[in-house]
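**Student:** requesting a structural model of the entry that follows:
(2 chains)
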Amino acid sequence: MLKSSQISTYFNERAKDVLSLVNSEDIAGLLPLENEKQGREAKLVGGKREKLQERLNLYPDFLYFSILEKKGEVYLCTNKTHEGMLRTNVRYFVEGKKGLFVDTLSYDISKSRPAMMISAPVFDDEGKLGAVFVGEVDPTSVSAIMTERSGLGETGETYLINNYNSVLTELRKDTGRGSPTFIYTQIAQNCLDKKPTAVFFNSEYRDYIGDVVLGACMYLRERGIGIIAEIDKGEAYAHTKELGNRIFLFAGIIVAISLGLGLLLTRSIRASVQTLAEGSRRIGAGDLAHRIELRRKDEIGNLALFFNTMAENLQKSISKLENTLKDLREEVAERKRAEALIREQNERLKELDRMKSEFLSTAAHELRTPLTSILGFSEILLKRKVGKKRQDTFLKTINKEAEGLADIINDLLDVSGIESGRGFKMKKAPIELKEVILENVDLFKSQTDKHTFKMNIPPDLPKIEADKDRIGQVIENLLSNALKFSPQGGEITVSVEEVNDGVKTIVTDKGMGISKKDLPHVFEKFYRAERVSRLAIGGTGLGLAIAKYIVESHGGRIWAESKLGKGSTFSFTLPTRTSKRRGGRRVL
Amino acid sequence: MKKILIADDRSEVVELVKVTLEGEGYRTIDASDGREALEKIRKEKPNLILLDIVMPKMDGFEVLSKLKNDSQTKDTPVIMLTAQGQKVDQEKGRRLGARDYITKPFSLSHLLNKIEEILT
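**Tutor:** Residues are numbered from 1 along each chain as shown, chains lettered A, B, ... in the order given. All right, here's what the predicted structure looks like:
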């Protein structure tokens, strides 16, 4: 009884302290300014904190003072680290806004010590709420009351131990080497083994410094804590010279135990609720890995269990969702890659399509032009009487145009064969390359008087195994191009060189040349340089593609070099017979 | 005697048309590219022009638009004579002011009919 009244007096005094503080000019001067919130100046706050600290120094029963602005943010605190923290939903703030509030003594888990807050509103000049002032009472002051020996004589004391015999509160007696951290006395063992829920009396035994004492204990299951009260035997018996005195002694012990027990029970429930509140707050804020550590078999325990299960389920659901999201993201990325690929291929197809339709248009043009002459001249021959000499001229023209038409049609068939993958058959036999070249050069010589031909062919060239007509076609094509693309005339050179395992044929002209942009494409089928179309130079864009196919079918290689405006050089290699055999028989 | 200019880069075609027209009593002038055609038209002032489209130096469409922008030549009838059989080309020719459009290969009597139609 004595202790409880002492504590309430103590609390009332502290509450009065707070009230006088909030009404003083000093605290009013420390309130946050209206426009200060955004850019709080460190210097200004620092000065205010110093003033608050000066106040605190005058009130040794308080651990710290703080001033909370209207929304609950810690604006100023003698412990700087608390500044900026939010206390919006904390009880001492919520209640403190309304009026003086004295929190119950509770066990603060985060600080591992009892905590006691007192708060009160601070009003500004206009009488409106300006802030909430909070002070935390030093728990050691409370603990001092708890451990006071009042009612237990000179040697009596109460203290707490846990399941591991560890002492939780201050001890009075000194072993000479400081207070022990663990107590293994008979009463401690009885308390922890028997776990008495009612007061258990222990007759004479030796206490933690070896004094013979009388004692009583009780065990608090919820907290796993034992409370022990004891008094020196000598003093006890001195007090109990009379029987009544003895009864008084035990009454004193019981009162001490009950008082401690009551405090502990309240503390236990409050601590549990706080653990629960803190835990649910953390879970609610998204810390789903957090579990509330409460092993109680009552409603609070059930609630904790419920929160833990909920957090676990939430955690599972969220991790499942996260995995799905990850899968989805990967799928989207995959799809984007596929789309890019399709788009790219689509572009290529479009380009091919454009080339094909352009080809169709040029091919039609190329076919129509000779047909015009063939049909026209034959119409004249059929409908009119024409002299013998003109007849011959017309027939020659018809014949020449028909041959040209046949060439184009052959090219088309060749390309169609290459396109379909059938290719075309090579009738290979040992041939004299020189012979084939001379035949073609002679043919072109008769068609032009603007060009001169120069030949550079060694006399003892090895025979090559090749299709004579097809190789002839390649040479014809290269010569035809050389003529076509040097419309001003000029020298056309045909050279042959022996190279590793084969022969190289080179056709050079001094014509218009090929641009850098077009050069890599000249062997592609249907490809016609824009410039060529603009200059109205005929052709289907098939010749070089066919030449390439023929050369490669013989195991050779064809390439072009050119300088715009200076002329072009086309070269191709063909393996000689011996090298061909070494390479194995080529199946076509 | 009516003068007709034939512009085509293929000598065989020029020869064919020349023989045909001269057989019908027309005088012919020929040109093997667009620039030559334009020069000869301005100098010789033919009664009718047969114009190929794909020609070196200047294509038929360019020749046509130049003719139509020149007060001296804008009334001379032009027949496009070409292997470009596509509709777009025909449209373009008409838009630029060509009187007619004949696609290669063509029958000679068809060509003569068209010419007669325009010149009488």
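
**Student:** could you check how far A:Lys445 is from chain B?
**Tutor:** 19 Å (Cβ to the nearest Cβ, to the nearest Å). C-betas here are computed from N, CA, C, even on glycine.

**Student:** now swap in A:Glu358 and tell me
**Tutor:** Plainly put, A:Glu358 is 11 Å away from chain B if you go by Cβ to the nearest Cβ.

**Student:** which residues does that residue contact?
**Tutor:** A:Phe526, A:Arg528 (Cβ atoms under 8 Å, 6 or more residues apart in numbering or on different chains).

**Student:** for it, helix, strand, or coil?
**Tutor:** Going by DSSP: H, G, I helix; E, B strand; the rest coil, the secondary structure assigned to A:Glu358 is helix.

**Student:** per-residue confidence for it?
**Tutor:** With respect to pLDDT, A:Glu358 scores 78.

**Student:** grab the nearest non-local neighbour of residue 77.
**Tutor:** No chain in the question, so chain A it is. Distances taken as Cβ to Cβ, 6 or more residues apart in numbering or on different chains put A:Ser66 closest to A:Cys77, at 3.7 Å, once the chain neighbours are dropped.

**Student:** let's do chain B instead
**Tutor:** Per Cβ to Cβ, 6+ apart, closest to B:Pro77 is B:Arg99, 4.3 Å.

**Student:** and the closest residue to A:Lys233 other than its chain neighbours, how far from chain B?
**Tutor:** Nearest residue to A:Lys233, sequence neighbours excluded (Cβ to Cβ, 6+ apart): A:Val212, at 4.4 Å. For A:Val212, the distance to chain B (Cβ to the nearest Cβ) stands at 124 Å.

**Student:** swap in A:Asp501?
**Tutor:** Taking Cβ to the nearest Cβ as the measure, A:Asp501 falls 44 Å from chain B.

**Student:** near that residue, how many residues? Count them for me, please.
**Tutor:** Using other Cβ atoms under 10 Å in any protein chain shown, the number of residues around A:Asp501 comes to 14.

**Student:** phi, psi of the one residue sitting closest to the centre of chain B?
**Tutor:** Taking Cα atoms, centre = their mean, the centroid of chain B lies closest to B:Leu50, which sits 1.4 Å from it. B:Leu50 adopts backbone torsions of phi -100, psi 120, taken as degrees, to the nearest 10.

**Student:** A:His554 too?
**Tutor:** Main-chain torsions, A:His554, degrees, to the nearest 10: phi -90, psi 0.

**Student:** now the helix or strand of chain B with the lowest mean pLDDT: buried residues?
**Tutor:** Every helix and strand of chain B was ranked by mean pLDDT, DSSP states H and E. The lowest is helix B:87-96, at a mean of 81. Residues of helix B:87-96 classed as buried by neighbour count (16 or more other Cβ atoms under 10 Å in any protein chain shown): B:Asp89, B:Gln90, B:Lys92, B:Gly93, B:Leu96.

**Student:** go on, stretch A:70-90?
**Tutor:** Using 16+ other Cβ under 10 Å as the test for burial, stretch A:70-90 gives A:Lys70, A:Gly72, A:Glu73, A:Val74, A:Tyr75, A:Leu76, A:Cys77, A:Thr78, A:Glu83, A:Arg87, A:Val90.

**Student:** please, which helix or strand holds the fourth one?
**Tutor:** Element membership of A:Val74 [criterion: DSSP states H and E] is strand A:74-77.

**Student:** right, and the helix or strand after that strand?
**Tutor:** Going down the chain from strand A:74-77, the next helix or strand is helix A:91-96, by DSSP H and E.

**Student:** can you show me the helices along chain B?
**Tutor:** Ranges of helices in chain B, per DSSP state H, are B:11-23, B:34-44, B:60-68, B:87-96, B:108-119.

**Student:** cool, thanks, talk later.
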